[in-house]
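A.B. asks: Here is a sequence with its predicted model. Questions after.
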Amino acid sequence: MSLESTFDEVAVVLMNDIWGTDAVFTPRIGSPVSLKVNFIREFKELPTGLSSTSPGYTKSFEILYTDIGRLPLKGEKLTVDGVTYVIDSVSDLQDERFVEVIVRSGN
């Protein structure tokens, strides 16, 4: 067994048996995918420019890359604990096992 395959197996065990929360990923095209996510953090996002809107809250979740086979796209959805989040971006910190998605509440 190679070191890479060992890391892949550890990632699956961590997500599915230790960290993971049930979720559904809904792509723009195709069928929804049931998977596990790991909540990373929530932070307050201040409005940019001269906007008079109030600050929003942004969350990020980790997903296994292998669960969807590609990087998620902006506008796709992630439903966790009955709340649907819209994917805003993918963190630059992702590796080939875990992908961190930054989401906003909303349908």
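C.D. replies: Perfect, I can see it now.

A.B. asks: isn't V24 right up against S34?
C.D. replies: Yes: contact criterion Cβ atoms under 8 Å: V24 and S34 qualify, at 5.7 Å. (C-beta placed from N, C-alpha, C; glycine too.)

A.B. asks: any chance you could map the helices in this structure?
C.D. replies: In the chain, the helices defined using DSSP state H lie at 3-13, 65-68.

A.B. asks: thinking again about what came up before, neighbour count winner among V24 and S34?
C.D. replies: V24 (14 against 10; other Cβ atoms under 10 Å).

A.B. asks: And for the closest residue to that one other than its chain neighbours, the neighbour number?
C.D. replies: Among residues not flanking V24 along the chain, T79 sits closest, at 4.5 Å (Cβ to Cβ, 6 or more residues apart in numbering). T79 has 17 neighbours, counted by other Cβ under 10 Å.

A.B. asks: Check what pLDDT T79 gets.
C.D. replies: Here the pLDDT value assigned to T79 is 96.

A.B. asks: separation between it and S5?
C.D. replies: Distance of T79 to S5, computed by Cβ to Cβ, to the nearest Å: 31 Å.

A.B. asks: what's the answer for Y85, then?
C.D. replies: On the measure of Cβ to Cβ, Y85 and S5 end up 32 Å apart.

A.B. asks: more crowded one of these two?
C.D. replies: Between Y85 and S5, counted using other Cβ under 10 Å, the more crowded position is Y85 (23 against 9).

A.B. asks: Where among the helices of the chain is average confidence lowest?
C.D. replies: helix 3-13 has the lowest average pLDDT among these, namely a mean of 66.

A.B. asks: Quick check: bridge partners of T58?
C.D. replies: Residues in a beta bridge with T58, per DSSP bridges, are F43, R104.

A.B. asks: and if you look at V90?
C.D. replies: V101.

A.B. asks: list the contacts for it?
C.D. replies: 71-72, 99-102 (Cβ atoms under 8 Å, 6 or more residues apart in numbering).

A.B. asks: what residue ranges in this protein score low on pLDDT?
C.D. replies: Applying pLDDT under 70 to the chain flags the ranges 1, 3-4, 7-8, 10-16, 43-57, 93-95, 106-107.
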